[in-house]
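In: Got a predicted structure plus its sequence, pasted below:
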Amino acid sequence: MTGTSSRSFDAVVVGGGIAGVSAAWALARRGQRVAVVEREASLAAHSTGRSVAQFLASYGGPASRILSAASRPFLESGADGLADSELLEPRNVLWVTPAGFEEQLEAKIAANETTGTPCGRLDAAGAMELCPVLDPRWLDAGVIEYGGFDIDVAELHQSFLRGARAEGARVLREHGVRALARRGGSWQVDTGERLLSCATVVNAAGAWADEVARMAGAPPVGLQPYRRTVFTFASHFESASWPLVVGADESFYFKPEGAGQFVASPADEAPIEPCDVKPREIDVAAGIEAVNRATILDVRSVRSTWAGLRTFAPDRIPVVGFDPGEPGFFWCAGQGGTGIQTSRAIASLVADLISGETPAPPLDSIASELSPQRFLK
Ligand SMILES: Cc1cc2nc3c(=O)[nH]c(=O)nc-3n(C[C@H](O)[C@H](O)[C@H](O)COP(=O)(O)OP(=O)(O)OC[C@H]3O[C@@H](n4cnc5c(N)ncnc54)[C@H](O)[C@@H]3O)c2cc1C
């Protein structure tokens with residue numbers, strides 16, 4: 001242990017992305033004295049600042065869909081008044097496919113039925129009414145999923161942060177956790193500069209959550225980060241009201257982003273070690289090729305590119321709950337591709353479980369499914 005100046009908290013949250021700040025807010029509202037420690041100078045420098053900012057009710061497995069639905073009223077309410085502006089802008093989702101992949105559209109309809117999300121089957125002409133640049137030589141059919149949104153991720157993250165600070169939470173940037181030790185019933189969190197003691201460590205370290213667990217002596221749960229590439233390109237189409245268009249085989253997606261621009265992805269998923277991930281030219285090229293195959297957009301150059309990590313547990317279910325072996329070590333990780341749209345509900349679950357309260361429906365029905373207990377052999 002090297003940290004010198006020492007302070008005591010009820011909970012120290014490791015990681016200042018959406019998972020960390022939302023958990024800090026939810027805990028501080030329950031009267032817990034909370035500190036957030038973030039290694040980077042900027043709080044949303046990793047996955048949270050690199051998403052494509054979509055709310056998609058049917059996305060992810062059944063547990064993630066329940067978490068998304070439970071988070072939605074909060075997002076619609078402007079984060080219970082914490083947001084300075086609207087957090088959601090309507091953006092429906094159009095799943096599209098060439099001939100021969102009917103079962104992929106069936107799967108989308110089935111996923112929507114589980115959440116009660118209205119959706120409808122479209123022939124090629126119907127899909128092209130919603131997105132006129134789809135290429136009729138490629139397109140065979142589609143499914144329109146209603147009730148999707150663009151999320152203002154930066155404002156949502158700021159709202160949680162504002163709320164957490166208003167409830168007394170401390171936020172320490174450029175404080176990477178270097179060591180964790182349990183002494184006399186409390187945790188010592190060493191950032192090199194500071195030594196914080198607390199009853200509960202919340203592991204919201206995203207792609208690095210297994211690494212943080214190892215510091216605490218807890219076995220890793222097998223989190224795997226996957227790189228996802230994103231690029232933007234210019235367009236002269238009047239496209240503001242077009243849906244997010246997704247290949248039903250999830251091989252590409254694109255949507256309008258502001259005036260005269262699209263954001264797109266090859267929906268790649270290459271396993272990679274936790275890092276400040278960069279886009280590869282070959283993945284951007286694959287994305288351009290996929291968009292050009294399905295549309296007449298004729299993308300020839302990009303305006304910007306980036307990549308981010310989507311981190312999953314082996315079963316692709318988020319990991320939320322106390323570690324079964326290390327008392328006071330709490331997991332909030334493995335949110336994969338839905339960490340923004342599920343953030344409110346996961347934060348509630350974190351606060352319920354740490355405060356010793358029974359989660360309210362529907363979170364009570366999935367709490368045990370999300371628990372890291374499931375990784376005990
Ligand atoms: C391209 C892309 C598109 C996406 N699109 C969507 C979408 O449309 N909708 C959606 O809901 N989700 C989407 N996601 C997923 C979403 O972005 C993530 O699930 C979410 O951001 C995860 O948040 P997090 O706080 O767990 O991780 P992060 O934002 O990565 O935060 C973890 C933080 O922990 C910090 N940290 C790590 N180790 C330490 C340490 N030792 N000490 C201190 N701090 C540490 C890191 O610096 C980091 O800031 C997308 C992701 C990507 C990559």
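Out: Done, it's in.

In: which residues does Ala345 contact?
Out: With contact taken as CB atoms under 8 Å, 6 or more residues apart in numbering, Ala345 is in contact with 66-68, 70-71, 363. To be clear about C-beta, it is placed using only N, CA and C from the backbone, and glycine gets the same treatment.

In: Which pair of the residues you listed spans the longest distance?
Out: Greatest spacing in the contacts of Ala345, by CB to CB: Ser68 and Leu363 (12.3 Å).

In: and the two? which has more neighbours close in?
Out: Ser68 (25 against 20; other CB atoms under 10 Å).

In: helix/strand/coil for that one?
Out: Assigned with DSSP: H, G, I helix; E, B strand; the rest coil, Ser68 falls in the helix class.

In: what about the nearest residue to it once chain neighbours are set aside, how many residues close to it?
Out: Spatial nearest neighbour of Ser68, chain neighbours left out: Gln341 (4.7 Å); criterion: CB to CB, 6 or more residues apart in numbering. By other CB under 10 Å, the residues close to Gln341 number 31.

In: Show the contacting residues for the closest residue to the ligand within the stretch 251-377 of the chain.
Out: Here the residue of the stretch 251-377 of the chain nearest the ligand is Gly339; by CB to the nearest ligand atom that distance is 2.1 Å. Contact analysis of Gly339 by CB under 8 Å, 6+ apart lists 17-19, 47-48, 51, 346.

In: Looking at it now. What's its pLDDT?
Out: Per-residue pLDDT puts Gly339 at 98.

In: Surely it is in a strand?
Out: No: Gly339 sits outside any strand when classified using three-state DSSP, being coil.

In: Turn the contacts of Gly339 into CSV, including secondary structure, pLDDT and neighbour count.
Out: Putting the contacts of Gly339 into CSV (DSSP: H, G, I helix; E, B strand; the rest coil; pLDDT from 0 to 100; neighbours: other CB atoms under 10 Å) gives the following:
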residue, secondary structure, pLDDT, neighbour count
Gly17, coil, 98, 26
Ile18, helix, 98, 30
Ala19, helix, 99, 32
Ser47, helix, 98, 24
Thr48, helix, 98, 25
Ser51, coil, 98, 20
Ile346, helix, 98, 28
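
In: List just the nearest of the residues you listed to the ligand.
Out: Comparing the contacts of Gly339 against the ligand with CB to the nearest ligand atom places Gly17 closest, at 2.3 Å.

In: Wait, that closest one touches Gly206, no?
Out: Yes: counting by CB atoms under 8 Å, Gly206 is a contact partner of Gly17 at 5.5 Å.

In: Need the overlap of contacts for these two.
Out: Contacts common to Gly17 and Gly206, judged by CB under 8 Å, 6+ apart, are 46-48.

In: Can you narrow the residues you listed down to the ones near the ligand?
Out: Restricting the shared contacts of Gly17 and Gly206 to those touching the ligand (CB under 6 Å from any ligand atom) yields 46-48.

In: Domains in this protein, by residue range?
Out: 5-52+153-223+315-375, 93-146+224-312 (automatic domain parsing).

In: So Glu174 versus Ser58, what's the distance?
Out: 39 Å (CB to CB, to the nearest Å).

In: Would you list the phi and psi of the residue in the stretch 101-250 of the chain that the ligand sits nearest to?
Out: Closest contact between the stretch 101-250 of the chain and the ligand, by CB to the nearest ligand atom, is at Gly206 (2.8 Å). Dihedral pair for Gly206: phi 60, psi -130, per degrees, to the nearest 10.

In: Look at it and report its pLDDT.
Out: The per-residue pLDDT reported for Gly206 equals 98.

In: neighbours around it, how many?
Out: Every residue meeting other CB under 10 Å relative to Gly206 is counted, giving 29.

In: cool, Ser186 as well?
Out: 18.

In: That one pairs with what?
Out: Beta-bridge partners of Ser186, counted by DSSP bridges, are Arg183.

In: shouldn't it be in contact with Leu196?
Out: No: between Ser186 and Leu196 there is no contact under CB under 8 Å: 10.0 Å.

In: Any chance you could list residues touching both of these two?
Out: Counting by CB under 8 Å, 6+ apart, the contacts common to Ser186 and Leu196 are Ser8.

In: Hmm, Thr191 is touching Val37, no?
Out: Yes: between Thr191 and Val37 there is a contact under CB under 8 Å: 5.7 Å.

In: Now the common contact residues for the two.
Out: Looking at what touches both Thr191 and Val37 (by CB under 8 Å, 6+ apart), the common residues are 172, 175-177.
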